[in-house]
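Chemist: sequence-free structure coming up:
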């Protein structure tokens, strides 16, 4: 993990009263290595490769604490298990409707969408999440007979 991110994470743990245990660090490392937004099971498989004795429940508990203290964000989409994301800056995600792969959309700024929504509705925005759906290159190629 980058030094700045590591410092920020340590500070969030310090303020929360939780400890940055080796299991939580392993989950953070797995999230930073993962492509897209992995599910808890995806994270578990990455952690298990390095530590075969880790339990799936331990990974779920670590993800829960990391989300509670604001280090990660969970994303809930229909037809998909809960996914986890280290990027807390509002951004667009694209999800394949066939295989479920999720990726961030680079180069598209969300701008001040929170402020625009608050200015034009009676809602207090607490979280911004946007999802674009389509076919990933692999599934699109399969559909076109490639």
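Modeler: Perfect, I can see it now. This is a predicted model, so every value here is computed, not measured.
Chemist: so what does the helix or strand where residue 131 lies touch, helix or strand wise?
Modeler: Taking DSSP states H and E as the definition, residue 131 sits inside strand 130-134. If you count contacts as 3 or more C-beta pairs under 8 Å, 6 or more residues apart in numbering; DSSP states H and E, strand 130-134 packs onto strand 92-96. From N, CA and C alone the C-beta is placed, and that goes for glycine too.
Chemist: what's the angle between the strand it packs on and strand 130-134?
Modeler: On the basis of axes from the mean of the first three to the mean of the last three C-alpha atoms, to 10 degrees, strand 92-96 is oriented at 30 degrees to strand 130-134.
Chemist: report the buried residues of the next helix or strand after strand 92-96.
Modeler: Per DSSP H and E, the first helix or strand lying C-terminal to strand 92-96 is strand 102-104. For strand 102-104, burial by neighbour count (16 or more other C-beta atoms under 10 Å) applies to residue 102.
Chemist: I'm done for today, thanks for sticking with me.
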